[in-house]
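In: Please work out how this folds:
(chains A and B)
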There are 2 protein chains.
Amino acid sequence: MASPVEFELTKEFRDLFQRAIDEKDDAFIRRSLEHVNPADISALLYEFSADEGKWVLDLLPPDIQSEVVNHLDPDIRKRNLAVYPPEAIASFLNRLQSDDTADILHELPVKIREEILASLDPELRGQVTELLRYEPHVAGGLMEKELIKARIHWSVVRCVEEIRKQAENVHKFYQVYVVDENDQLLGKVALQDLIISDARKLVADIYEADIVSVQTYQEQDDVVGIMKKYDLESVPVVNVQNQLVGRITIDDIVDVITEQAEEERQIMAGITEDIEEDDSVWRNTRARLPWLVIGIIGGLLNARFMGLFEAELSRVAAIAFFIPLIQATGGNVGIQSSSLIVQSLGNTAFVDVGLWKRLGRVFSVALLNGFVLATLVIVLNILLFDEVRLSMVVSIALFSVIVFASLVGTITPLLLNRVGLNPALASGPFITTTNDLLGLTIYFLTVHIML
Amino acid sequence: MASPVEFELTKEFRDLFQRAIDEKDDAFIRRSLEHVNPADISALLYEFSADEGKWVLDLLPPDIQSEVVNHLDPDIRKRNLAVYPPEAIASFLNRLQSDDTADILHELPVKIREEILASLDPELRGQVTELLRYEPHVAGGLMEKELIKARIHWSVVRCVEEIRKQAENVHKFYQVYVVDENDQLLGKVALQDLIISDARKLVADIYEADIVSVQTYQEQDDVVGIMKKYDLESVPVVNVQNQLVGRITIDDIVDVITEQAEEERQIMAGITEDIEEDDSVWRNTRARLPWLVIGIIGGLLNARFMGLFEAELSRVAAIAFFIPLIQATGGNVGIQSSSLIVQSLGNTAFVDVGLWKRLGRVFSVALLNGFVLATLVIVLNILLFDEVRLSMVVSIALFSVIVFASLVGTITPLLLNRVGLNPALASGPFITTTNDLLGLTIYFLTVHIML
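Out: Numbers count the residues shown, from 1 in each chain, chains lettered A, B, ... in the order given. As a prediction, this is how the structure comes out:
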């Protein structure tokens, strides 16, 4: 019977566990964590202090310790590792893959990083030192050094023997990469093909030469796109000489995709740092303030601008009634437009349609939306407010705002993308603030001319 | 030398290819698509009509045809398959995995679906008929029937022989699932362990009993969470009797994650259908209008509400100047709050902190933000506008709006989640419209009381 490794972290269990820690009931701690997946133990440690976490961790077998450390969230890991000396951290890392080790070292202060590096096993130290040279957002920074490779002239039997030797250091692999004498990547053999192949054959007979690889310097977005498009579970990484230097596995790519989605959400919501709801009040405040201040400055500019039309406003107070309508619609249209552009920039599979064709389509959609909404507003306005002339002004302004906000919402993310910024910025408070001012300008100009 | 299967779809190549189709230059088409990955051929077909696509597809080897059909975007696939008779579609599907076949059948009209089913190979028909019973968003709807299983009492040699037999139908696998006589899941053997194990051993000696599985009825969000947490490349699916009925592979989960991120972006941007920028003008308009209309109605309610304060507005026109400031800040704060909740709802690993503790923290952040911004505004206002009394009113209203918008932004996604709706709805135009009205109410009440 497969044991139920799925584990639910309930409040009751947390409280029981807290008591066990307080009472140093090591037997309970050991027993209740037996057969629990390290990822779940990591989640449990979020609930306790670094010292309590150390107490728990010290009771676990070394392999599990390393995996638990590996699964911790970077913030929590930093806090929890702070109570260990560098040698102890090195002994956790000695049992991890090179990419995980490099990621964890990246999080630590340089001095501690160097001390830990000095205590690592020489082989891992060499691998990690190489990985630390790469930026975290390129293929070289995502890859791990652990992989299985075979020479093209080997027999299948020799290949299996070598796998037996190499497999100790590589925790999961599904294919063997085939290289020549100079370590140049030639192709791969899937394990499933190796298992069913005749032992007397050569690697050269059974390998697949059609293999997708990435270069160490390729951006992580490219790597994500390639692995998604070709449904890959891992991709070999080569240097400029086409020599095999590492591999990237899909679990790291899933993490990248998840982080990018979170980052985009935070940008769209106007949050500047990577925070979580349960971070401290101060961190939460600091991450939110910058965009709020920009909004405030935009609001004051709005106020300043409206001051120019004080005479009109005093004469017809009803002009003010429709400011929220104009601004909200401009904001909504702008965000709709920009988010569609952000989405299409993410799908790199298409031939770029060209700016003018794109703007043409956006313009048509805006005209159609603008026409429908302007008609709706004029009808409702006349019914509700009985002011025909002002209703006309509002509808004309609304129509213009929709068209302009569509264009701004389309062009801004394209520009941001061109200069290397995240185009999702255009879906955040930035475009809303701009569109607020734009809407107000259009509205008051229309009022000024027509009323 | 590994052949360069990466393929860049340029405008030049598209035009060349178009000419080859027009001139029925089959030799060029065949030659230029040789060694091109089916995923890239699919991307190329987006550029041509269904009839042109058929011309190209018919020139390809059957295996490639099926893979190309499988990689097409659902919209394009529907259009392109419409020019084929059901038997031809069945012959494409006969070479695909059961889950891909079921997904494609799901997209087609019921009548055609039935005709295709009738023409499928009997084994695939049986598998697909079973899969079609499940909703697409549960584990049963995500899984494929193809997998490799071994009985626990088999020897390693027997296991390898059986893999040789079963492997024909399973295109990629990395582990063998171990079952008992009743097909109940007992554990797994990783291929890498099988390769290096002594041939005289039994499956019972080398299998791992600690295996994570999912139930057919589990929601896709659960499956995503489990595969991410445990870094799985595939997960076995069991029915309520714990019998192995299928497996879910990571590429399907990557697709789910990507779709969910797109869906959330569209919800946040106030777009109701799953559209892409290059969809037709009419579809684009239809997807955008609903939320714009809601915004318009909100805007008219704003106008109506302000009408109640016409006397105040006529007396002090400057009151109107600060409406954008108040509303923009309320909107920004609301979206910041709700998107943090949406993010934390996505991380299921934590013990729920409880509503009151959550609101307490949100309230503290709001007080701090509100205090900083209200101070900023009063200082700038006095400098810029020289109206101390109105500046006081604006700052007090701003402070209240920040606090209320934070609470609304926090509670709304929690409520939506509770009733089974996507909490991201709270980050869309919905909360902006509500917050606009809320902000205006607070502002004018403050004006009414204090001015």
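In: the strands in the stretch 201-350 of chain A, which residues?
Out: Listed from the start of the chain, the stretch 201-350 of chain A has strands (DSSP state E, counting those that start in this stretch) covering A:214-215, A:234-238, A:244-249.
In: does chain B sit close to the first one?
Out: No - in terms of C-beta under 8 Å from any C-beta of the partner chain, no part of strand A:214-215 sits within range of chain B; the closest distance is 8.8 Å. (Glycine included, C-beta is placed from N, CA and C.)
In: The second one now?
Out: No - under the criterion of C-beta under 8 Å from any C-beta, chain B is not reached by strand A:234-238; the shortest gap measures 8.5 Å.
In: mean confidence for that strand?
Out: On average, the pLDDT along strand A:234-238 is 95.
In: Show me which residues of the stretch 101-250 of chain A sit near chain B.
Out: Proximity of the stretch 101-250 of chain A to chain B, by C-beta under 8 Å from any C-beta, involves residues A:160, A:163-164, A:167, A:172-174, A:184-187, A:190-192, A:194-196, A:209-213, A:226-231, A:233, A:242, A:250.
In: Dump the strands of the stretch 201-350 of chain A to TSV, plus distance to B:Arg358 and mean neighbour count.
Out: Formatted as TSV, the strands of the stretch 201-350 of chain A follow (distance: least, C-beta to C-beta, whole Å; neighbours: other C-beta atoms under 10 Å in any protein chain shown):
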stretch	distance to B:Arg358	mean neighbour count
strand A:214-215	42	21
strand A:234-238	40	24
strand A:244-249	36	24
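In: Contacts only, for the residue lying closest to A:Arg95 once chain neighbours are set aside.
Out: Nearest residue to A:Arg95 in three dimensions, chain neighbours excluded: A:Ser66, at 3.9 Å (C-beta to C-beta, 6 or more residues apart in numbering or on different chains). By C-beta atoms under 8 Å, 6 or more residues apart in numbering or on different chains, the residues touching A:Ser66 are A:92-96.
In: Please flag which of the residues you listed sit within helices.
Out: Members of the contacts of A:Ser66 lying in helices (criterion: DSSP state H): A:92-93.
In: Can you check what pLDDT the model gives the residue lying farthest from the centre of chain A?
Out: Of all residues in chain A, A:Arg315 sits farthest from the chain's C-alpha centroid, using C-alpha atoms, centre = their mean; the distance is 52.2 Å. Among the per-residue scores, A:Arg315 holds a pLDDT of 85.
In: just the helices in the stretch 301-450 of chain A please.
Out: A:310-315, A:318-321, A:323-346, A:355-385, A:388-418, A:429-450 (DSSP state H, counting those that start in this stretch).
In: name the helices or strands packed onto the fourth one?
Out: Judged by 3 or more C-beta pairs under 8 Å, 6 or more residues apart in numbering or on different chains; DSSP states H and E, the packing partners of helix A:355-385 are helix A:323-346, helix A:388-418, helix B:281-307.
In: so the last one versus helix A:388-418, what angle?
Out: Translated: helix B:281-307. When axes from the mean of the first three to the mean of the last three C-alpha atoms, to 10 degrees is applied, the directions of helix B:281-307 and helix A:388-418 differ by 130 degrees.
In: Check which helices and strands helix B:281-307 sits against.
Out: helix A:318-321, helix A:323-346, helix A:355-385, helix B:429-450.
In: and the angle from that helix to helix B:429-450?
Out: 10 degrees.
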